[in-house]
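Next comes the sequence, and after it the predicted model I'd like to discuss.
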Amino acid sequence: MVELTNDLDKILVTEEEIQNRISELGQEINECYTNLANDEIVAVIAIINGAIIFTADLIRHLRLNMELDCIRVSSYRDATSPIQEPEIIDRIRLNLQDRHILLIDDILDTGSTLTKVVDLLNTTRPRTIRTAVLLDKSSRRTVPFEADFIGFNIPDEFVVGYGLDFAEHYRHLPCIGVLKPELQNPPTWT
Ligand code: IMP
Ligand code: MG
(Lines give C-alpha, C1' and ligand atoms only; values in the text may rest on other atoms or scores of the structure.)
(Ligands and ions follow the chains in the order given, each with its own letter.)
Protein backbone atom coordinates (compact mmCIF):
# COMPACT_ATOMS: atom_id res chain seq x y z
CA MET A 1 0.00 0.00 0.00
CA VAL A 2 1.25 3.50 -0.81
CA GLU A 3 0.07 6.55 1.10
CA LEU A 4 0.36 9.36 -1.42
CA THR A 5 -0.86 12.03 0.99
CA ASN A 6 2.65 11.69 2.53
CA ASP A 7 3.88 13.45 -0.64
CA LEU A 8 1.89 16.56 0.30
CA ASP A 9 3.26 19.47 2.30
CA LYS A 10 -0.26 20.35 3.37
CA ILE A 11 -3.88 19.74 2.42
CA LEU A 12 -5.49 22.90 1.03
CA VAL A 13 -9.01 21.60 0.44
CA THR A 14 -10.39 18.47 2.07
CA GLU A 15 -12.56 15.88 0.36
CA GLU A 16 -15.58 17.04 2.36
CA GLU A 17 -15.00 20.72 1.50
CA ILE A 18 -14.71 19.82 -2.20
CA GLN A 19 -17.93 17.80 -2.20
CA ASN A 20 -19.90 20.46 -0.29
CA ARG A 21 -18.74 23.20 -2.64
CA ILE A 22 -19.52 21.13 -5.73
CA SER A 23 -23.06 20.64 -4.50
CA GLU A 24 -23.40 24.43 -4.08
CA LEU A 25 -21.90 25.04 -7.53
CA GLY A 26 -24.41 22.62 -9.01
CA GLN A 27 -27.25 24.67 -7.53
CA GLU A 28 -25.69 27.93 -8.83
CA ILE A 29 -25.43 26.43 -12.30
CA ASN A 30 -28.99 25.05 -12.22
CA GLU A 31 -30.27 28.50 -11.23
CA CYS A 32 -28.26 30.20 -13.95
CA TYR A 33 -29.90 28.04 -16.63
CA THR A 34 -33.32 27.94 -15.00
CA ASN A 35 -35.10 29.79 -17.80
CA LEU A 36 -34.01 27.49 -20.63
CA ALA A 37 -36.79 26.14 -22.84
CA ASN A 38 -37.17 22.36 -23.07
CA ASP A 39 -35.42 22.21 -26.41
CA GLU A 40 -32.42 24.23 -25.24
CA ILE A 41 -29.47 22.00 -24.50
CA VAL A 42 -26.39 22.65 -22.39
CA ALA A 43 -23.24 21.11 -23.89
CA VAL A 44 -20.86 20.39 -21.05
CA ILE A 45 -17.28 20.33 -22.32
CA ALA A 46 -14.59 19.01 -19.97
CA ILE A 47 -10.96 19.91 -20.55
CA ILE A 48 -9.20 16.59 -19.99
CA ASN A 49 -7.40 15.09 -18.27
CA GLY A 50 -7.54 17.59 -15.39
CA ALA A 51 -11.30 18.24 -15.33
CA ILE A 52 -12.54 14.65 -15.45
CA ILE A 53 -13.04 14.14 -11.73
CA PHE A 54 -14.58 17.56 -11.10
CA THR A 55 -16.85 17.15 -14.13
CA ALA A 56 -17.98 13.68 -13.08
CA ASP A 57 -19.04 14.92 -9.65
CA LEU A 58 -20.46 18.27 -10.78
CA ILE A 59 -22.73 17.02 -13.56
CA ARG A 60 -24.51 14.68 -11.16
CA HIS A 61 -25.88 17.81 -9.47
CA LEU A 62 -27.15 19.32 -12.71
CA ARG A 63 -30.86 19.21 -13.51
CA LEU A 64 -30.52 20.22 -17.13
CA ASN A 65 -31.00 18.80 -20.56
CA MET A 66 -27.33 18.24 -21.28
CA GLU A 67 -24.78 16.59 -23.52
CA LEU A 68 -21.17 15.80 -22.57
CA ASP A 69 -17.97 15.92 -24.56
CA CYS A 70 -14.28 16.44 -23.85
CA ILE A 71 -11.46 18.45 -25.35
CA ARG A 72 -7.88 17.45 -24.70
CA VAL A 73 -5.47 20.29 -24.15
CA SER A 74 -1.86 19.99 -23.13
CA SER A 75 0.39 22.70 -21.81
CA TYR A 76 2.54 20.92 -19.25
CA ARG A 77 5.38 18.53 -19.97
CA ASP A 78 6.19 16.86 -16.64
CA ALA A 79 6.93 20.23 -15.10
CA THR A 80 5.11 22.51 -12.73
CA SER A 81 5.22 25.55 -15.00
CA PRO A 82 3.65 25.80 -18.45
CA ILE A 83 6.55 25.47 -20.82
CA GLN A 84 4.62 25.93 -24.03
CA GLU A 85 1.45 27.42 -25.45
CA PRO A 86 -1.60 25.25 -24.73
CA GLU A 87 -2.10 22.86 -27.59
CA ILE A 88 -5.46 21.33 -28.55
CA ILE A 89 -4.64 17.70 -29.21
CA ASP A 90 -8.13 16.21 -29.42
CA ARG A 91 -11.14 18.14 -30.65
CA ILE A 92 -14.82 18.09 -29.74
CA ARG A 93 -17.15 15.82 -31.69
CA LEU A 94 -20.48 17.38 -30.66
CA ASN A 95 -22.20 19.87 -32.92
CA LEU A 96 -22.21 22.99 -30.76
CA GLN A 97 -24.26 25.26 -32.97
CA ASP A 98 -27.03 26.88 -30.86
CA ARG A 99 -25.92 25.02 -27.75
CA HIS A 100 -25.31 26.66 -24.39
CA ILE A 101 -21.73 25.62 -23.68
CA LEU A 102 -20.56 25.03 -20.12
CA LEU A 103 -16.79 24.63 -20.31
CA ILE A 104 -15.17 22.98 -17.30
CA ASP A 105 -11.54 22.98 -16.18
CA ASP A 106 -9.80 21.93 -12.99
CA ILE A 107 -7.87 25.15 -12.43
CA LEU A 108 -7.66 28.62 -13.88
CA ASP A 109 -4.02 29.65 -13.63
CA THR A 110 -2.40 31.95 -16.20
CA GLY A 111 -5.67 31.98 -18.20
CA SER A 112 -4.12 30.93 -21.48
CA THR A 113 -5.82 27.52 -21.69
CA LEU A 114 -9.37 28.80 -21.16
CA THR A 115 -8.79 31.81 -23.41
CA LYS A 116 -7.63 29.51 -26.20
CA VAL A 117 -10.48 27.02 -25.79
CA VAL A 118 -13.16 29.74 -25.52
CA ASP A 119 -11.82 31.36 -28.71
CA LEU A 120 -12.05 28.00 -30.47
CA LEU A 121 -15.57 27.28 -29.15
CA ASN A 122 -16.77 30.70 -30.27
CA THR A 123 -16.12 29.65 -33.86
CA THR A 124 -18.74 26.86 -33.51
CA ARG A 125 -21.60 29.41 -33.17
CA PRO A 126 -22.94 28.42 -29.74
CA ARG A 127 -25.73 30.41 -28.09
CA THR A 128 -23.75 31.11 -24.94
CA ILE A 129 -20.46 30.03 -23.37
CA ARG A 130 -19.94 29.88 -19.61
CA THR A 131 -16.99 28.49 -17.70
CA ALA A 132 -16.67 26.61 -14.42
CA VAL A 133 -13.40 25.92 -12.62
CA LEU A 134 -12.83 24.15 -9.35
CA LEU A 135 -9.79 26.27 -8.46
CA ASP A 136 -8.74 29.82 -9.31
CA LYS A 137 -5.13 30.94 -8.82
CA SER A 138 -5.93 34.53 -9.77
CA SER A 139 -2.54 35.92 -8.71
CA ARG A 140 -0.92 33.99 -11.59
CA ARG A 141 -3.04 35.43 -14.39
CA THR A 142 -1.14 36.62 -17.47
CA VAL A 143 -4.19 36.71 -19.78
CA PRO A 144 -7.28 38.48 -18.38
CA PHE A 145 -9.95 35.82 -17.79
CA GLU A 146 -12.73 35.38 -15.26
CA ALA A 147 -14.68 32.16 -14.84
CA ASP A 148 -18.45 32.28 -14.27
CA PHE A 149 -18.43 29.58 -11.59
CA ILE A 150 -15.48 29.13 -9.20
CA GLY A 151 -15.09 26.50 -6.50
CA PHE A 152 -12.20 27.88 -4.48
CA ASN A 153 -9.68 30.70 -4.76
CA ILE A 154 -6.25 29.39 -3.86
CA PRO A 155 -2.82 30.96 -3.35
CA ASP A 156 0.06 30.60 -5.80
CA GLU A 157 1.20 27.09 -4.89
CA PHE A 158 1.51 23.98 -7.03
CA VAL A 159 -1.36 21.69 -6.10
CA VAL A 160 -2.27 18.10 -6.92
CA GLY A 161 -5.22 15.81 -6.33
CA TYR A 162 -8.86 15.67 -7.37
CA GLY A 163 -7.90 15.67 -11.06
CA LEU A 164 -4.81 17.85 -10.80
CA ASP A 165 -1.56 16.10 -11.57
CA PHE A 166 2.15 16.31 -11.47
CA ALA A 167 3.41 14.38 -14.52
CA GLU A 168 0.07 12.44 -14.58
CA HIS A 169 0.44 11.33 -10.94
CA TYR A 170 -1.85 12.16 -7.98
CA ARG A 171 -5.03 12.82 -10.01
CA HIS A 172 -6.96 10.28 -7.93
CA LEU A 173 -6.35 11.85 -4.51
CA PRO A 174 -9.76 12.79 -3.08
CA CYS A 175 -8.39 16.03 -1.58
CA ILE A 176 -6.30 18.89 -2.98
CA GLY A 177 -2.87 19.52 -1.51
CA VAL A 178 0.43 21.26 -2.08
CA LEU A 179 3.06 18.90 -3.45
CA LYS A 180 6.27 18.81 -1.39
CA PRO A 181 8.84 21.05 -3.13
CA GLU A 182 11.43 18.26 -3.28
CA LEU A 183 8.98 16.19 -5.36
CA GLN A 184 8.52 18.92 -7.93
CA ASN A 185 10.76 18.42 -10.92
CA PRO A 186 12.22 20.82 -11.86
CA PRO A 187 12.06 22.33 -8.36
CA THR A 188 12.39 25.86 -9.70
CA TRP A 189 8.79 26.35 -10.92
CA THR A 190 7.56 29.90 -10.43
P1 IMP B 1 -3.46 28.05 -17.51
O2 IMP B 1 -3.51 27.87 -18.99
O3 IMP B 1 -2.14 28.62 -17.06
O4 IMP B 1 -4.62 28.80 -16.91
O5 IMP B 1 -3.38 26.62 -16.88
C6 IMP B 1 -4.40 25.78 -16.80
C7 IMP B 1 -3.87 24.38 -16.73
O8 IMP B 1 -2.60 24.31 -16.07
C9 IMP B 1 -4.80 23.56 -15.89
O10 IMP B 1 -5.76 22.94 -16.72
C11 IMP B 1 -3.88 22.56 -15.24
O12 IMP B 1 -3.76 21.43 -16.08
C13 IMP B 1 -2.54 23.22 -15.19
N14 IMP B 1 -2.21 23.72 -13.83
C15 IMP B 1 -2.13 25.00 -13.44
N16 IMP B 1 -1.79 25.11 -12.14
C17 IMP B 1 -1.66 23.83 -11.69
C18 IMP B 1 -1.34 23.26 -10.41
O19 IMP B 1 -1.11 23.93 -9.39
N20 IMP B 1 -1.30 21.90 -10.35
C21 IMP B 1 -1.55 21.11 -11.42
N22 IMP B 1 -1.87 21.60 -12.63
C23 IMP B 1 -1.91 22.95 -12.77
MG1 MG C 1 -5.34 20.65 -17.07
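Yep, it's here. All figures in this text were calculated on a predicted structure; none of them were measured in a lab. Ligands and ions are numbered 1, 2, ... in the order given.

Ligand 1 contacts on the protein?
Counting by C-beta under 6 Å from any ligand atom, the chain comes close to ligand 1 at 47, 50, 75-76, 82, 86, 105-113, 158-160, 164. In short, each C-beta sits where N, CA and C put it, glycine included.

quick one: the residue lying closest to N95 once chain neighbours are set aside and I29, what's the gap?
Closest residue in space to N95, ignoring its immediate chain neighbours: T124 at 7.9 Å, by C-beta to C-beta, 6 or more residues apart in numbering. As judged by C-beta to C-beta, to the nearest Å, T124 and I29 stand 21 Å apart.

okay, these two: which has more neighbours?
I29 (23 against 16; other C-beta atoms under 10 Å).

Tell me the pLDDT of R91.
Looking at R91, its pLDDT stands at 86.

cool, the one 4 residues further on as well?
The pLDDT attached to N95 in the predicted structure is 95.

same deal with P187?
For P187, pLDDT reads 49.

pLDDT-wise, which helix or strand of the protein ranks last?
Between all helices and strands in the chain, the lowest mean by mean pLDDT, DSSP states H and E belongs to strand 87-90, at a mean of 86.

Just the buried ones out of the residues of the chain next to ligand 1, please.
47, 50, 75-76, 82, 86, 105-113, 158-160, 164 (16 or more other C-beta atoms under 10 Å).

So which of the residues of the chain next to ligand 1 belong to helices?
Among the residues of the chain next to ligand 1, the members found in helices (DSSP state H) are 112-113.

Any regions of this structure where pLDDT drops low?
With pLDDT under 70 as the threshold, the chain has low-confidence stretches at 76-83, 185-190.

If anything else comes up later, I'll come back, but that's it for now.
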